[in-house]
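**Q** Here is a sequence together with a model predicted from it:
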Number of protein chains: 2
Amino acid sequence: MAMKLSNDIPNIAVGRLPLYLRALTHLKEQDRNIVSSRELGKRLGIGSAQIRKDLCYFGGFGKQGTGYHIDFLIEQLKEVLQVDKEWQVAVIGAGNLGSAISRYEGFVNRGFRISWVFDNQPDCIGQEFGEITVLSMDELEAVLCQNHVQIVMIAVPVDQAQAVADRAVVCGICAIINYAPISLEVPDDIIVEYIDPIVHLQHMAYYLQNEKEVQ
Amino acid sequence: MAMKLSNDIPNIAVGRLPLYLRALTHLKEQDRNIVSSRELGKRLGIGSAQIRKDLCYFGGFGKQGTGYHIDFLIEQLKEVLQVDKEWQVAVIGAGNLGSAISRYEGFVNRGFRISWVFDNQPDCIGQEFGEITVLSMDELEAVLCQNHVQIVMIAVPVDQAQAVADRAVVCGICAIINYAPISLEVPDDIIVEYIDPIVHLQHMAYYLQNEKEVQ
């Protein structure tokens, strides 16, 4: 059984585990059995010492010189990250983005299932995204509470995001992925992660500028 | 004019500038003129000392006790990040996700314009996403090279992502946003940023687990 040695594990180390898991799963699909921290690091652009250190927080999972058994490490990381089961996720907003998220097949086998999608537009409600039917926002509280939903993904227009988050928080959710380009104000015990492609683009643009000046 | 005092500015500090810019733009839309580092920090969940330190790398932009002039700081940050102009971006992949990205109106006024979208599916090619027509992948090299495109966003299935990245790199692009859940192998001088919601979900799930154990 995977160990959690301490609650003081740096958040940034925890954040790298999904990258390791993704790369290991990719290697497994290529019928590989063993991988060294060096090869894993090369694939991910992360130093091999960093990888060994991160994995040590959780018990190590490998012996020096032999590499990691891919199947075993996948299983252990899934257990540590608690994605050896399936979390049911609600998506709020069924526009272009909410639709794309809900139809995305990549959640399967990675620990999550989009189980509900909500929207407030009459022409959206009742639409079918694969196996899911878009529900009215009027049903949000009932569905979230009755199903003890812990994770929501917010994909509504920016001016509605805070109000939607407030409604979800009241229903006892613990974690939000927010696609709306705004920082949400939520209680301290709610985890929020942001996905805003323009933040990434602007970050990269800084370096493009520098490169141009050098030329 | 905004200063770039050094090339040794930590990448993580550069990465926070887009968050400051986004929050400042939001304040401006609320007709605010002045903001303190404390208020900005509270909105972003970042310490005020951290914000002052980050901005100091680029010249400071404020005087102690008076707060930051929002209009001025927005202008300076846009200049530092080189988003006071408009970068033309190509999206590769016109499925659900590529379509959602291409139709997203949030790029306007943040320094980027989606100018081209490519796909290899005959039923996709020729579709219109707002003002953009989906082009054939056969045209990728010609369009990227002739227009000196520097930034591409990859939204193709995972098994095609590396090949698509290779083709874009040959055309001289400098930066990639990769939505496919795979780490790309590209030359060291190419900047790659990843957007994979499941990495965020798995990261959060770790803490949900811990919370449950505590209860």
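**A** Now that the structure is in, tell me what you want to look at. Numbers count the residues shown, from 1 in each chain, chains lettered A, B, ... in the order given.

**Q** buried set for stretch A:75-93?
**A** A:76-83, A:87, A:89-93 (16 or more other CB atoms under 10 Å in any protein chain shown). In short, each C-beta sits where N, CA and C put it, glycine included.

**Q** What pairs with the lengthiest strand in chain A, parallel or antiparallel?
**A** Using DSSP state E, we find that the single longest strand of chain A is strand A:112-119. Paired strands of strand A:112-119, with direction, are strand A:87-92 (parallel), strand A:132-136 (parallel) (DSSP bridges).

**Q** Could you dump the ones you listed into TSV and include mean pLDDT and distance to B:G47?
**A** Formatted as TSV, the strands paired with strand A:112-119 follow (pLDDT from 0 to 100; distance: least, CB to CB, whole Å):
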stretch	mean pLDDT	distance to B:G47
strand A:87-92	97	30
strand A:132-136	97	40
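
**Q** Show me the one of those strands that comes nearest B:E185.
**A** Closest of the strands paired with strand A:112-119 to B:E185 is strand A:87-92, at 30.8 Å (criterion: CB to CB).

**Q** any idea which helix or strand comes after that closest one?
**A** Going down the chain from strand A:87-92, the next helix or strand is helix A:96-103, by DSSP states H and E.

**Q** If you average the pLDDT over that following helix, what comes out?
**A** If you average the pLDDT over helix A:96-103, you get 93.

**Q** so that helix versus strand A:132-136, what angle?
**A** Between the axes of helix A:96-103 and strand A:132-136, defined by axes from the mean of the first three to the mean of the last three CA atoms, to 10 degrees, the angle is 140 degrees.

**Q** can you count the residues close to A:S36?
**A** 15 (other CB atoms under 10 Å in any protein chain shown).

**Q** I figured it hits A:G67, correct?
**A** Yes: between A:S36 and A:G67 there is a contact at 4.4 Å, judged by CB atoms under 8 Å.

**Q** overlap in contacts of those two?
**A** Between them, A:S36 and A:G67 share no contacting residue under CB atoms under 8 Å, 6 or more residues apart in numbering or on different chains.

**Q** How much space separates A:H26 from B:D138?
**A** From A:H26 over to B:D138 the distance is 28 Å, taken as CB to CB, to the nearest Å.

**Q** who's more crowded, the two?
**A** Counted by other CB under 10 Å, A:H26 and B:D138 do not tie: A:H26 has more neighbours, with 16 against 10.

**Q** who touches the strand or helix carrying that one?
**A** Per DSSP H and E, A:H26 falls inside helix A:11-29. Under the criterion CB under 8 Å, 6+ apart, residues A:35, A:40, A:43-44, A:46, A:50-51, A:53-55, A:57-58, A:68, A:70-71, A:73-74, A:77-78, A:80-81, A:83, B:181-183, B:196, B:198-199, B:202-203, B:206-207 lie in contact with helix A:11-29.

**Q** Out of those residues, list just those in strands.
**A** If you go by DSSP E, the contacts of helix A:11-29 have A:V35, A:Y68 in strands.

**Q** Tell me where chain A has helices.
**A** A:11-29, A:37-44, A:48-56, A:70-80, A:96-103, A:140-146, A:158-170, A:197-214 (DSSP state H).

**Q** Any chance of a markdown table for those, columns distance to A:G126?
**A** Shown next, in a markdown table, are the helices of chain A (distance: least, CB to CB, whole Å):
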| stretch | distance to A:G126 |
| --- | --- |
| helix A:11-29 | 34 |
| helix A:37-44 | 43 |
| helix A:48-56 | 46 |
| helix A:70-80 | 36 |
| helix A:96-103 | 13 |
| helix A:140-146 | 15 |
| helix A:158-170 | 20 |
| helix A:197-214 | 29 |
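
**Q** Single out the most deeply packed of those helices.
**A** Compared across these, helix A:96-103 shows the largest average neighbour count, a mean of 22 (mean count of other CB atoms under 10 Å in any protein chain shown).

**Q** Would you mind pulling the contact partners of that one?
**A** Contacts of helix A:96-103 (CB under 8 Å, 6+ apart): A:91-92, A:94, A:114, A:117, A:119, A:129-130, A:132, A:153, A:155-156, A:179, B:96-97, B:99-100, B:103-104, B:197.

**Q** again, 6 Å this time
**A** A:V91, A:I114, A:V117, A:F129, A:G130, A:I132, A:A155, A:Y179, B:N96, B:L97, B:A100, B:R103 (CB atoms under 6 Å, 6 or more residues apart in numbering or on different chains).

**Q** Can you give me every residue that contacts the third one?
**A** Counting by CB under 6 Å, 6+ apart, A:V117 makes contact with A:V91, A:A94, A:S102, A:I132, A:V134.

**Q** and the gap between it and A:V192?
**A** 20 Å.

**Q** With the last one instead?
**A** The span separating B:R103 from A:V192 equals 25 Å under the rule CB to CB.
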